[in-house]
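K.L.:
coordinates only, no sequence provided:
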């Protein structure tokens, strides 16, 4: 019985004790559909740099960069690389690697998602500076001041108290079908483009949410 040409992999692991070539990895992944991929390559080697460039060619649903203190990832995660990743993957998780990503790049990705001109539908950035988030919000017509949001545009804002700390508010901002989540006092930013009316209404009616 012949196997299907396209394979689906649950997990791919690169071992430090093994040798791989970029060509062999490219051949393996050419017809491979990967549901979720965690990248934890942190040594500043030429091979690891090539892998970071190569992943943009992978067919991946969700890409996670969750390795903390990854100096190599911090090096390569510039605006152009960040935008290319959002064009390649539907869901992108970034931890402690957004230092070089500018508010302008966040704005570009935001517009691309709204226009549906990019593949990304969900973006989660942890450990991002508040000043960068505030500048991004200002670029889309929203001002953050003294714990409150002020908008020059027609948006909906929902306030939800943090379950962890009463001093931290969670702001759910809805711009059409786009949801932005910003936690005051916590270094994170979240984008989600809702593709159905049901998903959008469910997000607006989460428990504890006040408009």
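P.N.:
Done, it's in. What you see is a predicted model, and the numbers here were worked out from it, not measured in a lab. Residues are numbered from 1 along each chain as shown.
K.L.:
contact partners for the most centrally placed residue in the chain?
P.N.:
Nearest residue to the geometric centre of the chain (C-alpha atoms, centre = their mean): residue 123, 2.8 Å. Going by C-beta atoms under 8 Å, 6 or more residues apart in numbering, residue 123 touches 86, 91, 92, 94, 109, 113, 189, 190, 191, 192. Backbone N, C-alpha and C define where each C-beta goes, glycine included.
K.L.:
can you lay out those residues as CSV showing distance to residue 29 and neighbour count?
P.N.:
Rendered in CSV, the data for the contacts of residue 123 read as follows (distance: C-beta to C-beta, whole Å; neighbours: other C-beta atoms under 10 Å):
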residue, distance to residue 29, neighbour count
86, 19, 22
91, 18, 17
92, 18, 23
94, 21, 22
109, 24, 23
113, 25, 21
189, 30, 22
190, 28, 17
191, 27, 22
192, 27, 21
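K.L.:
what is the nearest of those to residue 182?
P.N.:
The nearest member of those to residue 182, counting by C-beta to C-beta, is residue 189 at 5.9 Å.
K.L.:
partner residues bridging the closest one?
P.N.:
Going by DSSP bridges, residue 189 is paired in beta bridges with residue 125, residue 182.
K.L.:
hang on, it packs against residue 129?
P.N.:
No - taking C-beta atoms under 8 Å as the definition, residue 189 is not a contact partner of residue 129, at 10.1 Å.
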